[in-house]
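Student: Pasting a predicted model and its sequence here:
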Amino acid sequence: MTSQKQIFGQWGEEQAAQYLISQDYEIVDRNVRNEFGELDLIAKKDEQLVFVEVKARRSEDFGFPEEAVTESKKQHILDAAQSYLNEHPQMLGDWRIDVISVQSLKGKLPEIIHFENAFV
């Protein structure tokens with residue numbers, strides 16, 4: 001059974017994917033799992049591969065969505081991205097990791113903030 005949290009997370013990922021498409025990115029893959037964790041979105045723009053971590057929140061009670069990307073989470077994402085590249089040698093080349101924050105406060109349109117190259 002799918003929980004409300006999972007449904008909201010899927011909604012956030014879809015909002016992020018649509019945002020990326022509107023910015024001329026191509027969505028290459030979604031919800032890729034490997035031994036290191038999950039990669040929410042994998043996109044491509046101008047021959048650069050972009051691994052995207054999506055964080056969505058309904059309120060500011062626990063801080064801004066992007067604040068949920070801890071140092072430990074960053075390492076898992078980096079390891080998962082490197083594993084993906086090892087498994088897909090045809091994708092080798094320029095790549096980066098972005099974070100997209102999706103905030104949906106009651107009565108307002110979702111606010112999307114795109115942090116490019118977030119792990120520098």
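Tutor: It's in. Numbers count the residues shown, from 1 in each chain.

Student: Tell me where the protein has helices.
Tutor: Remark: helices assigned in the chain by DSSP state H are 4-22, 71-87.

Student: Identify the residue nearest Phe62 in space, chain neighbours excluded?
Tutor: Here the nearest residue to Phe62 in space, its sequence neighbours aside, is Ala68; by CB to CB, 6 or more residues apart in numbering that works out to 7.7 Å. Where you see a C-beta, it was placed from the backbone N, CA and C, and this is true even at glycine.

Student: can I have the lowest-mean-pLDDT helix or strand in the chain written out in PDB, keeping just the CAs?
Tutor: With mean pLDDT, DSSP states H and E as the measure, the helix or strand of the chain carrying the lowest mean pLDDT is helix 4-22 (a mean of 91). Listed in PDB are the C-alpha atoms of helix 4-22, where the atom choice follows Å, rounded to 0.1, in the frame of the first residue of the first chain:
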ATOM      1  CA  GLN A   4       0.400   9.600   1.900                       C
ATOM      2  CA  LYS A   5       4.100  10.500   2.300                       C
ATOM      3  CA  GLN A   6       5.000   8.300  -0.800                       C
ATOM      4  CA  ILE A   7       2.200   9.900  -2.800                       C
ATOM      5  CA  PHE A   8       3.400  13.400  -1.900                       C
ATOM      6  CA  GLY A   9       7.000  12.400  -2.700                       C
ATOM      7  CA  GLN A  10       5.900  11.100  -6.100                       C
ATOM      8  CA  TRP A  11       3.900  14.400  -6.700                       C
ATOM      9  CA  GLY A  12       7.100  16.400  -5.800                       C
ATOM     10  CA  GLU A  13       9.200  14.400  -8.200                       C
ATOM     11  CA  GLU A  14       6.600  14.900 -11.000                       C
ATOM     12  CA  GLN A  15       6.600  18.700 -10.300                       C
ATOM     13  CA  ALA A  16      10.400  18.700 -10.500                       C
ATOM     14  CA  ALA A  17      10.400  16.600 -13.700                       C
ATOM     15  CA  GLN A  18       7.900  19.000 -15.400                       C
ATOM     16  CA  TYR A  19      10.000  22.000 -14.300                       C
ATOM     17  CA  LEU A  20      13.200  20.400 -15.800                       C
ATOM     18  CA  ILE A  21      11.300  19.700 -19.100                       C
ATOM     19  CA  SER A  22      10.200  23.300 -19.200                       C
END
